[in-house]
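Student: sequence first, then the predicted structure, then my questions.
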Amino acid sequence: IAKYIENAKRKKLPAGIRPLPGPKGLPFIGNVHELPEKNSWMKFHEWGEKYGPIYQVNLAGTNHIWISRDHIAHELLSKRSANYSDRPFIPALEHDNRDSGQYLPLMSKNEKWTRQRKFAKQIMDTSAKEDFYGYPELESIRLLFEVMTEPSRYNHALESFVARVTCRLGWGTPTAAEELKQRARELLIGVSPTGSFANKLPFIMSLPENWSKTKSWELRRGRTERKFFETMQDEVRQQIKLSEKNPDAPAPILPSLQPKSSWMRTFLENKAAWKFDSDLEGAYAVGMHGIAGALTVAAPMQSFCLALCHYPQYQPILHEEIDRVCGDRMIRFSDMPEMPVLRAFIRETLRWRPPVPTGIPHASVKDDVYEGYHIPAGSVMHPLEWSISRDPEVFYEPDAWNPMRWLDSKYPTYQEPLSKFPTITSYSQFGYGRRTCQGMGVTEADLLVGIGSMAWMFSMHANTEDAEEEAEIDESQTKHVAEQKCLQAQSVGMRPITPPSEELIAHKLSNKPDMHHKNDSGIRLSNQYSEKMEPELQGKPSKLAGRPSLPSTNSMFARPPSPDESISEKDVLLPKKSHNPSAKADSNATPSDPTMDFSTLLIAKPMPFKFNLKIRDQEKADRVARRWMELKMDGEFEDSRVYWKGGNHGDEQHGWGEVFL
Ligand code: HEM
């Protein structure tokens, strides 16, 4: 109510300054009632198409500004960062997120934020210099083994891979991975507008604890998180002490007892340098990075599987590159400069299905004017990544997953040298200005090794009848480690896809780049991508010969397809009926799009779906399994621990809360 009165009292705007456009809402609640529970970013995208690339919406008395073009986000959030680097208040958390010192990504631009960000940069730089301590490569062995032996849990294996790498980075051990995932899920509930009820009705947090389930859930979550972070910090402290006491003693046999390189170790070994208030601040600074990395990176790994199944024609290009660069050995992070195709697949996956589609909001400090429009102080600024990533003036056929846009000089998004580009570093997906993501480097390492290993070992196929036939043949030959050679992941709802039509093939070939082109990176543009595509996509005559070619500059790409060209992959590849109610809010995507089934919280993770995984080379699989066995026997692949008395569920004080995803 106070907010409503304050808004009503707001003085008149000076002459020539207009309010931003946006939907009209109801008194008090504004437009809250119009937001769908699922895929809310689709509604914001739709409003962007109606009201323009920057518009405002009143949500329960707070002014939210949505930006759907990169140059506007850059102008406001980067160039005018002095005014736009704060964070909005999140009512559902126990302590004020802006100055509690607990969560770096949620803090306002204050002293604690400054010193923790400095610390974050230091731990990232140090671990990057040591190739993130080699943890992605180590855990990729376990990832492949788990997917080979239990393919129906591919989703779990991908998440565990990311969480284990992050845990090792945080505290030198993978054993806290399950706990870390749960901590991340619970914090996501606390901070997501669609998570905790207190984010919709903030007064709940002022009630006594025993009057409100939501509040007592949050207090227990906070206690559990703190105890977990302190326990992890203490273990690293003990390990360092032990090794200092007895420097000549032989290394302990169990890896968990050895002090390993980790961010916590970096903190403890040089505590005075960070000028933190206490060790507890260090426990949160490291723990927050663990949480930030625990689930985010798994989302694009899952979207990658989805993309390969829906756009199968590109898979051979990736296999060709991986086989040429890696041969029989597994992929390493240091292979990155030689793998432009893998980088293009990763970048395109992030563009196609942004892991944080609404962006992470900034808050404005003072009144401002943008192109004659008033931006009131205290506005919540959202760089709407879903829309920024599908700006039709930058991305040709933005709804299609097409890695060639990063590899072919005829697309405006192409950039040289290919030893470096495409990259995900400095990509808008990781935010703007002073608040850009601290984890871009780790994300790149995780994705390169994680996705690269999956593609090195498997081919992926939509679950069509053909693929099932193939599965039977392969299964009959299986006598090796993984019980099945062609493996079927568990079904939660992917529908069969129809193969591309002749027109589409002709259309694609008419766009086919001239690959006899050299770039200055010294990288051979693999002889020629098109030859490596699925055989049925080759050698078809173009019905659309003579159409204007794509511009090769980085200028805005403004040529929409003419009506006879407008057949898109999306139309052809996707089935007709919707099973996703919120998809109808999107005016671009077909309502039937089965790739639009996401989990509901801040990070958009595709729901598990059914597809076929096929081991590409049984000898490689055998070698991975042997290596897994050796490392397991050495104690390197310990299972996750349970931290709470009485199991994960714990007691009244600590343990896992209910999670609604
Ligand atoms: C796919 C993976 C990831 C995506 C898409 C992502 C995205 C983002 C975004 C959009 C922001 C907010 C930027 C802004 O406000 O302008 C952010 C902030 C942040 N991210 Fe990430 N992130 C990812 C992975 C990671 C990882 C692995 C870590 C650490 C291990 C990490 C650590 C952080 C931190 C500490 C911040 C806060 C920066 C600040 O507010 O000053 N992120 N990330």
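Tutor: Looks like it came in fine.
Student: ok, D639 - how many residues close by?
Tutor: 9 (other C-beta atoms under 10 Å). Backbone N, C-alpha and C define where each C-beta goes, glycine included.
Student: contact partners for it?
Tutor: Contact analysis of D639 by C-beta atoms under 8 Å, 6 or more residues apart in numbering lists T175.
Student: and it, its phi and psi?
Tutor: Note on D639: backbone dihedrals following degrees, to the nearest 10 are phi -80, psi 170.
Student: and the gap between it and A177?
Tutor: Per C-beta to C-beta, to the nearest Å, D639 is found 9 Å from A177.
Student: ok, V341 next?
Tutor: Distance of V341 to A177, given as C-beta to C-beta: 30 Å.
Student: give me the more crowded residue out of the two.
Tutor: Counted by other C-beta under 10 Å, V341 and A177 do not tie: V341 has more neighbours, with 29 against 26.
Student: wasn't the more buried one part of a helix?
Tutor: Yes - the assignment for V341 is a helix, going by DSSP: H, G, I helix; E, B strand; the rest coil.
Student: my guess is it contacts I317, does it?
Tutor: Yes - applying C-beta atoms under 8 Å, one finds V341 in contact with I317, separated by 5.5 Å.
Student: shouldn't R223 be in contact with Q653?
Tutor: Yes - assessed by C-beta under 8 Å, R223 is found in contact with Q653 at 6.0 Å.
Student: those two: which is more packed in?
Tutor: R223 (15 against 12).
Student: which residues does that one contact?
Tutor: Going by C-beta under 8 Å, 6+ apart, R223 touches Q653, H654.
Student: element containing N58?
Tutor: Here N58 is covered by strand 54-59, with elements defined by DSSP states H and E.
Student: and the angle from the following helix or strand past that strand to strand 54-59?
Tutor: Next in sequence after strand 54-59, counting helices and strands by DSSP H and E, comes strand 62-67. In terms of direction (axes from the mean of the first three to the mean of the last three C-alpha atoms, to 10 degrees), strand 62-67 departs from strand 54-59 by 150 degrees.
Student: tell me if strand 62-67 is near the ligand.
Tutor: No - shown here: strand 62-67 not in contact with the ligand (C-beta under 6 Å from any ligand atom), separated by at least 11.4 Å.
Student: contacting residues around the helix or strand that comes right after that strand?
Tutor: Downstream of strand 62-67, the next assigned helix or strand under DSSP H and E is helix 70-73. Around helix 70-73, the neighbours that count as contacts under C-beta under 8 Å, 6+ apart are P53, I54, I67, Y370, P383, I388, D391, V394, S428, Y432.
Student: buried ones only from those, please, as a PyMOL command.
Tutor: Buried members of these, defined by 16 or more other C-beta atoms under 10 Å, are picked up in PyMOL with:
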select buried, resi 53+54+67+383+388+391+394+428+432
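Student: which ones among the contacts of helix 70-73 map onto strands?
Tutor: Applying DSSP state E to these, the entries found in strands are I54, I67, Y370, P383.
Student: just the closest of the residues you listed to R329, please.
Tutor: Taking C-beta to C-beta as the measure, R329 lies nearest P383 of the ones in strands among the contacts of helix 70-73, at 39.9 Å.
Student: surely the closest one meets G433?
Tutor: No - the criterion here is C-beta under 8 Å, and P383 misses it with G433 at 9.9 Å.
Student: ok, G650 - how many residues close by?
Tutor: Using other C-beta under 10 Å, G650 has 18 neighbouring residues.
Student: what do you get for W171?
Tutor: Using other C-beta under 10 Å, W171 has 26 other residues around it.
Student: show me the contacts for it.
Tutor: Residues in contact with W171, defined by C-beta under 8 Å, 6+ apart, are M232, Q233, E235, V236, S262, W263, M264, V286, G290.
Student: ok, the fourth one - how many residues close by?
Tutor: Translated: V236. Neighbours of V236 under the rule other C-beta under 10 Å: 23.
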